[in-house]
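Visitor: no sequence for this one, just the structure:
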């Protein structure tokens with residue numbers, strides 16, 4: 001009788017182990033997304049500081065942008081967005097579902113913001129949009145594995 005109970009317990013353990021999701025290579029993509037969100041936030045903050053203190057750096061005048069706003073206004077938008085993106089990237093490392101949702105929304109807002117800023121800094125904004133798209137893909141394709 002004791003042998004049967006042990007065999008039953010072993011089968012229960014095996015089914016429990018089989019029920020747990022197995023780590024795959026996509027876990028690395030989630031960590032990549034978190035790190036890249038932090039890097040994107042730093043890039044946004046840098047763009048914001050440049051817009052605030054060195055507005056003649058950009059290709060066009062502020063009235064030539066998609067959204068006509070002074071570079072001081074764009075600087076504050078980028079600084080605030082940078083802090084939000086960094087916070088979302090750090091939250092991703094906790095592995096909660098809400099952090100994935102917030103990170104995707106923040107990455108979308110970042111991509112749209114960079115699209116509106118594209119004429120001022122074409123290469124920089126295009127690179128940031130591409131990284132935003134990679135982050136969104138990593139978080140939506142297999143984000144449940146974290």
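Guide: Yep, it's here. Keep in mind the model is a prediction, meaning the values are calculated, not measured. Residues are numbered from 1 along each chain as shown.
Visitor: Now for residue 36, how many residues are close by?
Guide: By other Cβ atoms under 10 Å, the residues close to residue 36 number 20. C-betas here are computed from N, CA, C, even on glycine.
Visitor: Would you mind confirming that it makes contact with residue 133?
Guide: No. Using Cβ atoms under 8 Å, residue 36 is not in contact with residue 133; the gap is 10.8 Å.
Visitor: quick one: contacts for residue 124?
Guide: Residue 124 makes contact with 43, 47, according to Cβ atoms under 8 Å, 6 or more residues apart in numbering.
Visitor: in the helix or strand encompassing it, what counts as buried?
Guide: Counting by DSSP states H and E, the element that carries residue 124 is helix 122-141. For helix 122-141, burial by neighbour count (16 or more other Cβ atoms under 10 Å) applies to 124, 125, 128, 129, 131, 132, 135, 136, 138, 139.
Visitor: Stretch 58-72 now?
Guide: 58, 62, 65, 69, 71.
Visitor: cool, and stretch 108-123?
Guide: Neighbour counts over stretch 108-123 (16+ other Cβ under 10 Å) mark 110, 111, 113, 114, 115, 116, 117, 118, 120, 121 as buried.
Visitor: Give me the subset of the residues you listed that lies in helices.
Guide: 110, 111, 113, 114, 115, 116 (DSSP state H).
Visitor: And for the second one, nearest residue in space, chain neighbours not counted?
Guide: To tie it back to what came earlier, the one meant is residue 111. residue 132 (3.9 Å; Cβ to Cβ, 6 or more residues apart in numbering).
Visitor: which residues does the one you found contact?
Guide: 40, 107, 108, 110, 111, 114.
Visitor: 10 Å instead, please
Guide: 36-37, 40, 85, 104, 106-115 (Cβ atoms under 10 Å, 6 or more residues apart in numbering).
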